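1. return atomic coordinates for the entry below.
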Amino acid sequence: MGIPEKNAILLVEDDFMTALAERKGLEERGYRVLAASSGEEAMERCEADPSLDLILMDIDLGEGIDGPGAARAILKRREIPIIFLSAHSEREVVERTEAITSYGYIVKSAGIAVIDASIKTAIKLYEARKSLWIEKELLRTTLDSIGDAVMATDASGKVTRMNPVAERLTGWPIGQAEGRPIGEVFRIVNAITREPVEDPVKRVLELGAIVGLANHTVLISRYGAEHQIADSAAPIRDGDGGASGVILVFRDVTRDYAVLDALKKSEKLYRSLFENMLNGVAYCRMQYDEGGRPVDFTYLSVNAAFEAQTGLKSVEGRRVTEVIPGIRESDDALFEVYGRVARLGKPERIEYFVESLGMWFEVSVYSPQREYFIAVFDVITERKNADLRLRASEERLRLALGAAKAGTWEWDLRTGENVWSDELWQLFGLSRDSVSPSYDSWLATVAPSDRERIVAALDAAVRAGTDIDIEWRVRGAGGEDRWLMSRGKPEFDGSGRALRYLGAVIDISDRKRTEEKVGELLDEKELILKEVHHRVKNNLNTIYSFLTLQADSTGEPFARRALMDAGSRVQSMLLLYDRLYQSDSFGSMRVDLYLSPLIDQILEVFPNRESVRVLKRIEAFSLDANRLQHLGVIVNELLTNIMKYAFVGKGEGEIIVEASSVGGLVAVAIRDDGDGLPESIDFRHSNGFGLMLVEGLTKQLKGSVRIDRRGGTRIVLEFWK
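-> Below is the predicted model:
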């Protein structure tokens, strides 16, 4: 027997220490674990490794895409069970993940045993769902692909299954029909006598044999529709050969019965409708050029309403370009619609302004056969003009009532004509006696510094046929600037071309002053955040004091060193919060103001401090608080290692700390003239916690660290701001 293959787990966790602990626990339980520290990396690993069996996804992944976002992107590419991990247990957080996947949500504090049990359950659930889905899909596809209606019953004659054709003919969805007696869903009568027909399912269950339906059987649907049907019912045999149910297969033969009768009536009905319709009707044949472009059509037949509505006489047998000269050039879009319907056979309904006739038409066009079309239309010119006037009036009223002290405007793109309401003159600071309403008159009131921006925004909106939404300044009579805002909506013709804009203008000076007040409130928020930093600093100071007292009270050297190292790391964060509290910005600070005192604090606790000379070459550049915290811990670990091991047996030594930023690349180098690190020590393959911590935090900085062992030791850390 071979060794069973390990399940492959992708662990997505941005916190280095948490990921390390979780990965170790999973590997101890026999899983093959791959790790990703970001949503983007998780997507790449999942794409590259088809052997993955499950994903453990942290919800909050720091910068970039978060856990739910990464999960959605992964599930679009492949089906894989995903279990979410989070430190949060709030209901809204859990509900957010349930909409993505149903394989579980684990609070991180639950422990590795719970995670292990959840993984096993999720994998079993995934395999069971996949098998069930395949089986159901095979059955569903088979039934749904059958052209006839299919119904199944159990041994008592109650409905258990229906395909879509049966649902349509009976009017019963399977969700409502299931469990009902077949007689309620499958109601049949004789087409001539209207007497009920004997239930075929009952006969099959009694005889145990196939039973055919009698001729002229009518199925009455749930909503009263009738279908003449034909076919048979057969028993479903169980393992002992008995009938455990019935399969009923039938088809709609209504059309077959109606064809002859319809043929007799169709010509008479068509002619009556054609001649008496109030709509204009034209039956035409389309002509195309060698490239397949519609260029003309011939009237084959038109009704009396066509001539009455269009005023065109004696058009049958003539081409439209002959009947209406110039129509091909002025109404090319109409030819495109007719040509498309005649060639593809898909009906269309349009409202169109025929420029050559100066009339609006509402047209329904369909094709009875390829290259032919029938256009049924009404002339709607009067209604269209009334609708345009009514919509313009309603839009102006709505905008005026919706904005205090607002003015309305209209802008006709075809003629350039502008219409301004009475309020607009006052808002623009213009007099009716001095200027006429126009684009240029308005633009002259716009502050010079705003004109280029406003003109560009208007041009873009008009070209795209989108809403206008602009803000600008005008100079008031007293010399003060006032802010105005305008919003406008386009109106289009039948071909989608913008004809004009309707809009409103409102004075938003008060809103702008409010925005300035909001800026002042944001400054107050900065003061509050500084207070938060102060409280965090005090809490860190308390933690540092506890670690120091605990170290002093223990007699075990290894424990004392571990406590002192932990205290040193806390001290680096304490110094950062202290500097942030004293600075003007709580989000970032200068590196030199943080690293220089941090170096002194780290070294002063070592007994050989006086024999070590420290040179600092730290440039004045800023980093955000999060990166500074990681950098402080790294510098603490490296300097502590140097002071412990680099100068053993030496009377004196030298340490040089350099930090610079060039083009956004931050470089921090720490050099000593001690014995140097052995070749066997490397950040990526170290069992020491300190060096592992340096490697993990460097990865979180998205940077790199390297060791130069020539002439002592030089360690260089590089990352992008």
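
2. can you give me the helices for the stretch 351-500 of the chain?
-> In the stretch 351-500 of the chain, the helices defined using DSSP state H, counting those that start in this stretch lie at 381-402, 422-428, 439-445, 448-464.

3. export the third one as CSV, just CAs?
-> Read that as helix 439-445. What follows is helix 439-445, C-alpha atoms only, in CSV (Å, rounded to 0.1, in the frame of the first residue of the first chain):
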residue,chain,number,x,y,z
TYR,A,439,-23.1,80.4,-24.6
ASP,A,440,-20.6,83.2,-25.0
SER,A,441,-22.5,85.6,-22.7
TRP,A,442,-22.5,82.9,-20.0
LEU,A,443,-18.8,82.0,-20.5
ALA,A,444,-17.8,85.7,-20.0
THR,A,445,-19.1,85.5,-16.4
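
4. show me what counts as buried in it.
-> In terms of neighbour count (16 or more other CB atoms under 10 Å), helix 439-445 has its buried residues at 442, 445. (C-beta placed from N, C-alpha, C; glycine too.)

5. hang on, the earlier thing: please identify the deepest-packed of the helices of the stretch 351-500 of the chain.
-> Per-stretch averages of neighbours, counted by mean count of other CB atoms under 10 Å, single out helix 422-428 among those, with a mean of 16.

6. any idea of the mean pLDDT for that one?
-> Mean pLDDT, helix 422-428: 84.

7. for the chain, which helix or strand comes out least confident on mean pLDDT?
-> Least confident element among the helices and strands of the chain, by mean pLDDT, DSSP states H and E: helix 557-582 (a mean of 61).

8. sheet partners, orientation included, of the next helix or strand after that one?
-> Downstream of helix 557-582, the first helix or strand assigned by DSSP states H and E is strand 588-590. Each strand paired with strand 588-590, and its direction, by DSSP bridges: strand 622-624 (antiparallel).

9. mind giving me the packing neighbours of whichever helix or strand comes after the partner strand?
-> Next along the chain after strand 622-624, taking DSSP H and E as the criterion, comes helix 625-641. Other elements packing on helix 625-641 under the criterion 3 or more CB pairs under 8 Å, 6 or more residues apart in numbering; DSSP states H and E are helix 557-582, strand 588-590, helix 591-603, strand 653-662, strand 665-672, helix 689-700, strand 713-720.

10. try 10 Å
-> helix 557-582, strand 588-590, helix 591-603, strand 622-624, strand 653-662, strand 665-672, helix 689-700, strand 713-720 (3 or more CB pairs under 10 Å, 6 or more residues apart in numbering; DSSP states H and E).

11. and that helix, average pLDDT?
-> Mean per-residue pLDDT for helix 625-641: 86.

12. buried residues in it?
-> 625, 627-641.

13. quick one, what contacts the residue lying closest to residue 31 once chain neighbours are set aside?
-> Leaving aside its chain neighbours, residue 31 sits nearest to residue 9 (4.9 Å; criterion: CB to CB, 6 or more residues apart in numbering). Each residue near residue 9 by CB atoms under 10 Å, 6 or more residues apart in numbering is listed here: 22-23, 26-27, 29, 31-35, 52-56, 83, 115, 119, 123.

14. I'd like to know which of the residues you listed are buried.
-> Among the contacts of residue 9, those buried by neighbour count (16+ other CB under 10 Å) are 22-23, 26, 29, 31, 33-35, 52-56, 83, 115, 119, 123.

15. that older thread, let me know which of the helices of the stretch 351-500 of the chain is the nearest to residue 41.
-> Residue 41 lies closest to helix 448-464 among the helices of the stretch 351-500 of the chain, at 38.6 Å (CB to CB).

16. for the closest one, name the packing helices and strands.
-> helix 439-445, strand 468-475, strand 481-492, strand 498-507.

17. cutoff 6 Å now
-> Applying 3 or more CB pairs under 6 Å, 6 or more residues apart in numbering; DSSP states H and E, one finds that helix 448-464 makes contact with strand 468-475.

18. what pLDDT, on average, does the strand it packs on get?
-> Mean per-residue pLDDT for strand 468-475: 89.

19. returning to that earlier point: got a markdown table for the helices of the stretch 351-500 of the chain, with distance to residue 595 too?
-> A markdown table is the format used below for the helices of the stretch 351-500 of the chain (distance: least, CB to CB, whole Å):
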| stretch | distance to residue 595 |
| --- | --- |
| helix 381-402 | 58 |
| helix 422-428 | 57 |
| helix 439-445 | 56 |
| helix 448-464 | 44 |
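
20. which residue is the nearest non-sequential neighbour of residue 665?
-> Nearest residue to residue 665, sequence neighbours excluded (CB to CB, 6+ apart): residue 720, at 5.9 Å.

21. now the closest residue to residue 651 other than its chain neighbours: how far from residue 77?
-> Among residues not flanking residue 651 along the chain, residue 611 sits closest, at 6.3 Å (CB to CB, 6+ apart). Separation of residue 611 from residue 77 (CB to CB, to the nearest Å) stands at 61 Å.

22. confidence score at residue 548?
-> 67.

23. in this structure residue 222 contacts residue 169, no?
-> No: counting by CB atoms under 6 Å, residue 222 sits too far from residue 169 to count as a contact (10.0 Å).

24. related to what we said a few turns ago, right, and the residue nearest to residue 651 touches residue 654 too?
-> No: the criterion here is CB under 6 Å, and residue 611 misses it with residue 654 at 10.1 Å.

25. between those two, tell me which one has more neighbours.
-> The neighbour comparison of residue 611 against residue 654 (other CB atoms under 10 Å) goes to residue 654, with 15 against 12.

26. need the pLDDT of that one.
-> Residue 654 is assigned 93 on the pLDDT scale.

27. make 43 the starting number, not 1.
-> Got it, first residue is 43 now, which makes that one residue 696.

28. show me what contacts it?
-> 655, 715 (CB atoms under 6 Å, 6 or more residues apart in numbering).

29. ok, it to residue 752 distance?
-> 15 Å.

30. go on, residue 707?
-> As judged by CB to CB, residue 707 and residue 752 stand 23 Å apart.

31. ok, residue 275 next?
-> Residue 275 is 93 Å from residue 752, where distance means CB to CB.

32. between those two, which one's more packed in?
-> Counted by other CB under 10 Å, residue 275 and residue 752 do not tie: residue 275 has more neighbours, with 25 against 7.

33. that one in helix, strand or coil?
-> Using DSSP: H, G, I helix; E, B strand; the rest coil, the structure places residue 275 in strand.

34. surely it touches residue 287?
-> No: using CB under 6 Å, residue 275 makes no contact with residue 287, being 10.6 Å away.

35. where does the stretch 493-642 of the chain dip in pLDDT?
-> Across the stretch 493-642 of the chain, the ranges flagged by pLDDT under 70 are 518-521, 561-594, 597, 599-628.

36. same thing but 50
-> Applying pLDDT under 50 to the stretch 493-642 of the chain flags no residue at all.

37. which parts of the stretch 343-492 of the chain are strands?
-> Assigned by DSSP state E, counting those that start in this stretch, the stretch 343-492 of the chain shows strands spanning 390-396, 401-408, 414-421, 449-454, 460-462.

38. any idea of the mean pLDDT in the second one?
-> Mean pLDDT, strand 401-408: 90.

39. got the domain ranges for the protein?
-> 50-183, 189-299, 319-421, 426-549, 562-762 (automatic domain parsing).

40. perfect, that will be all.
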